[in-house]
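1. Got a sequence here, can you model it:
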Amino acid sequence: MWGTAGLRHTDQKMILGITGGVGTGKSTVLAYLQDQYGACLIRLDDVARQLQQPQEACYGPMLELFGIETKRNESSRASAGDGSLSENDVFSAQRSALLNEDGTFNRSAVAKLVFADEKLLSALNRIVHPAVKQRVRELVASHQDAALIVIEAALLLEDHYEEICDEIWFVYAEESVRRERLKKSRGYTDEKISDMLASQRSDESYRACCSLTIDNSSENIENTYRQLDEALGERGFWKAGNTVGLL
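-> Predicted coordinates:
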């Protein structure tokens, strides 16, 4: 999550949000910021995944939301009765398929369930999103010595991360480029890609709400790197390998 390099002797500090739709190449931008600028990276998907682990903040509320009982509770109920299953018991058993053998959530099974049920998805978001934002605040506070902290997610704008970030940048790529990337990297069909693109925020909306747009459409990745270098240079940051850090 955190970069190992550091910016060279700079007094500048920035919490930068990176957002954009699927297939725009956000991971490429993050890797460059970490490798060349020593940025500390916080990916919201990683934070959410951690918070859904046993003993973490979202685990218990998610068990309750999905009607999953612990083995201890199931055993106690069985010993108190005749062992037959009520309708609620059957429902709970079906939902318990959301758990792996080690007690962790099966993320693909959870996603399949909640994306088919809008109310359930909203309830899950009410559990996860506030907890993620709180954990992000804690991570930022624990790394006050970091010059550049980068927070990445597709939903930074929807979840109002302008409350935390100094700026939010939009990583853009042409639709044809995004489609080709998603086919090659994930094996998605045209139909699935169309559904995904239709469900996401428009490019115009991203541009209107973000401080800067990074065009990551070109096959020549140096074009993207140049835009990042120029934008960070204007804000007082040099690459980690440079000897001057503050403009």
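2. and whichever helix or strand Y32 is part of, which residues are buried?
-> In this structure, Y32 sits in helix 26-37 according to DSSP states H and E. Neighbour counts over helix 26-37 (16 or more other C-beta atoms under 10 Å) mark K26, V29, L30, Y32, L33, Q34, Q36, Y37 as buried. In short, each C-beta sits where N, CA and C put it, glycine included.
3. which residues are contacting the helix or strand just after that helix?
-> Following helix 26-37 in sequence order, the next helix or strand is strand 40-43 (DSSP H and E). Strand 40-43 is contacted from outside by 1-3, 30, 33-34, 136, 139-140, 143, 146, 148-153, using C-beta atoms under 8 Å, 6 or more residues apart in numbering.
4. And this protein, what are its domain boundaries?
-> 14-52+118-234, 57-104 (automatic domain parsing).
5. May I have the distance across the last one, first residue to last?
-> The first and final residues of domain 57-104 sit 13 Å from each other (C-alpha to C-alpha, to the nearest Å).
6. mind showing which ranges of the chain have poor pLDDT?
-> By pLDDT under 70, the low-scoring segments of the chain are 1-11, 70-96, 241-247.
7. quick one: the strands in it?
-> 14-19, 40-43, 148-152, 167-172, 212-215 (DSSP state E).
8. Can you give me the buried ones in the second one?
-> I take that to be strand 40-43. Residues of strand 40-43 classed as buried: C40, L41, I42, R43 (neighbour count, 16+ other C-beta under 10 Å).
9. Find out how far stretch 227-246 is from the centre of the chain, if you would.
-> 26 Å (C-alpha atoms, centre = their mean, to the nearest Å).
10. re the thing from before, out of the strands of the chain, which gets nearest to A111?
-> strand 40-43 (17.1 Å; C-beta to C-beta).
11. partners of that closest one in the sheet?
-> strand 148-152 (parallel) (DSSP bridges).
12. what angle sits between the strand it pairs with and helix 26-37?
-> Interaxial angle, strand 148-152 versus helix 26-37 (axes from the mean of the first three to the mean of the last three C-alpha atoms, to 10 degrees): 170 degrees.
13. Touching strand 148-152 from outside, list them.
-> 7, 13-19, 26, 30, 33-34, 37-44, 136, 140, 143, 161, 164-165, 232, 237.
14. Single out the most deeply packed of the domains of the chain.
-> domain 14-52+118-234 (a mean of 17; mean count of other C-beta atoms under 10 Å).
15. Next, the distance between the ends of that one.
-> 13 Å.
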